[in-house]
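Trainee: With the sequence up front, the predicted model follows.
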Amino acid sequence: MTVTAVRKDPQALTMTIEAEFDASPERVWQLWADPRQLERWWGPPTYPALFTKHDLVPGGRTVYQMTGPQGDQHHGYWDVIEVEAPLRLVLRGGVANADGTPDTDLPLTTARVRIEEIGQERTRMAIESSFPSAEAMEQVLAMGTLEGQTQAVGQIDAILAEDAVVRH
């Protein structure tokens with residue numbers, strides 16, 4: 001599995017997932033920039049994602065839905081705050097209602113994605129989610145977000161392995 005660290009810091013109100021990949025930072029960035037590639041890994045294996053809007057520019061919005069094994073639908077969105085391709089991305093998002101409007105009963109989180117080269121064709125990606133309060137963090141973690149994101153990131157190696165097959 002690609003995930004190298006998972007940390008919860010209740011004092012800092014953050015949750016961080018780190019992973020390392022045998023790929024360049026530019027290739028790892030494409031996993032975020034291309035909605036068809038993002039669909040292949042965002043969401044746990046049993047909850048595949050469909051991105052219906054993907055405007056990855058400051059001020060843009062990304063909208064997605066995940067479909068569970070029983071056909072249940074879960075909607076989410078990210079407002080794009082900062083983009084520094086291929087190294088950094090800041091997103092603020094949350095859960096959405098079926099019509100795409102934000103579900104104001106659930107907290108917003110801010111995700112800071114860092115992508116850095118750590119060697120020849122080796123890249124580390126960190127996704128740090130920050131929460132507005134301890135209660136918000138507890139609420140989001142109780143929904144299984146940490147486990148789901150860890151499983152989602154764990155799917156990236158298979159996508160990158162396909163690149164290696166195509167090159168050879």
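Mentor: Received the coordinates, thanks.

Trainee: For the most centrally placed residue in the chain, give me its contacts.
Mentor: Compute the mean C-alpha point of the chain, and by CA atoms, centre = their mean the closest residue is Trp42, 5.9 Å away. Residues near Trp42 by CB atoms under 8 Å, 6 or more residues apart in numbering: 49, 51, 64, 66, 152. C-beta coordinates here come from the backbone N, C-alpha and C atoms, glycine included.

Trainee: by contact count, what packs against the one helix or strand the third one maps to?
Mentor: To tie it back to what came earlier, the one meant is Tyr64. Assigned by DSSP states H and E, Tyr64 falls within strand 61-67. On a contact count with 3 or more CB pairs under 8 Å, 6 or more residues apart in numbering; DSSP states H and E, strand 61-67 meets strand 49-54, strand 73-84, strand 88-96.

Trainee: Could you list the alpha-carbon positions for the first one in CSV?
Mentor: What follows is the C-alpha trace of strand 49-54 in CSV, where atoms were taken according to Å, rounded to 0.1, in the frame of the first residue of the first chain:
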residue,chain,number,x,y,z
ALA,A,49,-16.8,8.6,-7.4
LEU,A,50,-18.2,10.5,-10.4
PHE,A,51,-17.1,14.1,-10.9
THR,A,52,-19.8,16.2,-12.5
LYS,A,53,-17.9,19.4,-12.4
HIS,A,54,-14.1,19.9,-12.1
